[in-house]
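Visitor: Okay, predicted coordinates and the sequence, questions at the end:
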Amino acid sequence: MNKNKTGFTLVELLAIIVILAVILIIAVPQIMNTIKSTRLKSIEDSAKLIATNADKDYLAQQAVNSSYNATSIPCSDVAKLSDDYSSCSITYDSNGVATVKLKGANGGKFSGITCTGTKDNMNCSELVGYTDAAEYLAGLCTGTCPKSEDSDGIVNENGMIQDKYGNYRYQGSTVDNYVTFNDETWRIIGLFDVDGEQRVKLVRYNSLGAFSWDSSPAGINIGGGINQWGPSTYTDGTPYEGADLMRELNGDYLNSSLSENPNWYSGSGNNVREFNKDYVLKNSAQELIGDATWYLGGFSTNTISKEDAYNAERGEEHILNPTDGVIRTHTWVGKVGLIYPSDFAYASGGTCPTLEARCGTNWMKRYGWTITSDSSDSTGWVWNAYDDRMYNYSPYLNGQPIKPSVYLIPGVQIKGSGTTADPYVFAE
């Protein structure tokens with residue numbers, strides 16, 4: 001038996017712990033920096049490869065067609081992206097040099113990283129100070145957020161409610177939901193379940209101008225337009241393109257290369273009025289929005305509640321025997337729409353029993369056209385938000401404001417406080 005064998009003393013153990021702690025303090029930041037550098041280098045290599053392939057594709061296209069001068073192409077034309085990336089865009093300069101913008105998917109291994117540049121000059125950086133927009137808005141309504149059907153007109157300290165269908169909404173006359181989007185002031189309506197995903201819904205603060213919801217030749221509905229928003233068919237099977245405003249908002253309004261002010265419909269008999277091309281959605285804004293299912297169900301009276309309006313919008317009530325012969329549809333999939341009447345009604349902070357009530361505490365105020373039709377007659381009317389309540393107007397009416405509404409793609413990052421002095425901004 002070895003009587004000289006002894007263990008560590010308490011002082012020696014403390015010394016070892018201190019040494020290990022010092023090693024960790026030195027090593028952990030270096031390890032984290034190495035991980036960060038590896039992530040940045042990996043996504044940078046991917047972005048450079050996409051840019052290289054895009055340059056080659058441009059040259060290949062010009063070899064076949066000397067007049068080829070595309071300004072952009074989808075990334076899917078030159079690369080197959082995994083779920084690690086949320087978005088990718090390719091644009092060309094006048095010399096055919098590709099600029100790539102590649103974003104990491106939220107929650108993935110490249111989360112929060114964006115790369116922008118050419119194959120020879122690519123800059124990748126990680127977001128600082130941003131958080132997931134959906135999680136943030138839901139967090140504003142956690143714990144103290146009242147249910148609208150239980151406490152109509154009572155909001156939490158963030159001006160938020162949760163409606164009976166689980167959507168998070170801003171409500172009242174003074175709410176901090178301002179956001180800079182497209183280098184303009186927009187406002188956040190709330191957070192909604194769209195196509196199985198939580199998505200933020202925005203509406204433009206100022207109008208694009210006063211235009212018709214739809215117009216038509218004098219022989220159709222006496223020039224008053226047709227209240228069918230999306231593409232459909234006539235009863236004889238002939239295609240119908242959809243409402244003028246739908247096509248304008250998802251055509252000219254999404255064309256960032258517009259060189260002249262186009263004419264949009266305004267008034268009966270297909271009259272037109274000039275639209276300001278400077279209002280179009282820039283590419284940086286378009287990258288943040290995506291296709292969504294919009295509901296086209298209608299209702300026949302403004303004496304219904306906002307809950308009934310919400311359900312009717314998602315229902316199948318339409319004009320039963322339209323004299324124009326266009327079949328009304330229940331849904332439309334697209335990028336740019338308008339608010340629902342229920343959006344306008346929920347935004348009011350007072351006790352508003354019906355859509356005709358003038359509550360006076362609505363942050364949307366005089367909004368203008370909504371996407372929803374009136375199902376009460378055979379020629380067609382559309383619901384319009386005006387003077388804190390709903391009215392129905394003929395689609396051709398040209399004096400109503402156009403305030404587009406969009407759903408952001410999942411995973412958008414946000415920062416700011418939502419005030420006019422410090423509006424929210426989204427990571428581009």
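Guide: That came in fine, so what should we check first? Residues are numbered from 1 along each chain as shown.

Visitor: C-alpha from now on. contacts and neighbour counts both.
Guide: Will do.

Visitor: helices or strands up against the longest strand along the chain?
Guide: Using DSSP state E to define each element, the chain has its longest strand at strand 184-194. Secondary-structure packing of strand 184-194 (3 or more Cα pairs under 8 Å, 6 or more residues apart in numbering; DSSP states H and E): helix 133-140, strand 168-170, strand 178-181, strand 197-204.

Visitor: Run through who's touching it.
Guide: Here strand 184-194 makes contact (Cα atoms under 8 Å, 6 or more residues apart in numbering) with 134, 137-138, 166-170, 177-180, 198-206, 292-293, 343, 347.

Visitor: where do the strands sit along the stretch 251-400 of the chain?
Guide: Assigned by DSSP state E, counting those that start in this stretch, the stretch 251-400 of the chain shows strands spanning 263-265, 272-274, 292-295, 331-334, 336-337, 368-374, 381-386, 389-393.

Visitor: Ranking the helices and strands packed on strand 184-194 by mean neighbour count, which comes first?
Guide: Most buried of the helices and strands packed on strand 184-194, by mean neighbour count (mean count of other Cα atoms under 10 Å): strand 168-170, with a mean of 27.

Visitor: which residues does residue 88 contact?
Guide: If you count contacts by Cα under 8 Å, 6+ apart, residue 88 has them with 74-75, 100-103.

Visitor: one step back: go through the strands of the stretch 251-400 of the chain and pick out the most buried.
Guide: strand 368-374 comes out most buried of these by mean count of other Cα under 10 Å, with a mean of 27.

Visitor: Could you check the angle that one makes with strand 381-386?
Guide: 150 degrees (axes from the mean of the first three to the mean of the last three Cα atoms, to 10 degrees).

Visitor: Poorly predicted segments of the stretch 151-300 of the chain, please.
Guide: Residues of the stretch 151-300 of the chain meeting the criterion pLDDT under 70: 151-156.

Visitor: can you pull out the helices in it?
Guide: For the stretch 151-300 of the chain, the helices defined by DSSP state H, counting those that start in this stretch cover 244-249, 283-286.

Visitor: I'd like to check the angle between the longest strand of the chain and strand 197-204, please.
Guide: In terms of direction (the same axes, to 10 degrees), strand 184-194 departs from strand 197-204 by 150 degrees.

Visitor: Strand 184-194: how far from the chain's middle?
Guide: Relative to the chain's own centre, strand 184-194 is displaced by 7 Å; criterion: Cα atoms, centre = their mean, to the nearest Å.

Visitor: repeat for stretch 274-288
Guide: With Cα atoms, centre = their mean as the basis, stretch 274-288 stands 13 Å off its chain's centre.

Visitor: Now do the buried residues in that stretch.
Guide: Buried residues in stretch 274-288, counted by 16 or more other Cα atoms under 10 Å: 275-277, 279-282, 285-288.

Visitor: try stretch 59-72
Guide: Buried residues in stretch 59-72, defined by neighbour count with 16+ other Cα under 10 Å: 59, 72.

Visitor: how's this protein carved up into domains?
Guide: Split into domains by automatic domain parsing, the chain comes to 10-126, 130-428.

Visitor: most neighbours per residue, which of those domains?
Guide: Comparing those by mean neighbour count (mean count of other Cα under 10 Å), domain 130-428 ranks first with a mean of 20.

Visitor: Give me the longest helix you can find in the protein.
Guide: If you go by DSSP state H, the chain has its longest helix at helix 10-64.

Visitor: Determine which of the helices of the stretch 151-300 of the chain approaches residue 95 most closely.
Guide: Comparing the helices of the stretch 151-300 of the chain by their distance to residue 95 (Cα to Cα), the top pick is helix 283-286, with 19.7 Å.

Visitor: Grab the CA positions of that closest one and hand them over as PDB.
Guide: Output of helix 283-286 as PDB, limited to C-alpha atoms (Å, rounded to 0.1, in the frame of the first residue of the first chain):
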ATOM      1  CA  ASN A 283     -37.000  45.400 -56.900                       C
ATOM      2  CA  SER A 284     -35.800  45.600 -53.300                       C
ATOM      3  CA  ALA A 285     -39.500  45.800 -52.100                       C
ATOM      4  CA  GLN A 286     -40.700  43.100 -54.500                       C
END
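
Visitor: who touches that helix?
Guide: So helix 283-286 is in contact with 181-182, 254, 256, 428, going by Cα under 8 Å, 6+ apart.

Visitor: For residue 318, state which of the residues you listed is nearest.
Guide: Nearest to residue 318 among the contacts of helix 283-286 is residue 254, at 29.1 Å by Cα to Cα.

Visitor: In contact with the closest one, which residues?
Guide: Residues counted as contacts of residue 254 (Cα under 8 Å, 6+ apart) are 280-282, 286.

Visitor: now stretch 240-251: how far from the chain's centre is it?
Guide: Stretch 240-251 sits 18 Å away from the centroid of its parent chain (Cα atoms, centre = their mean).
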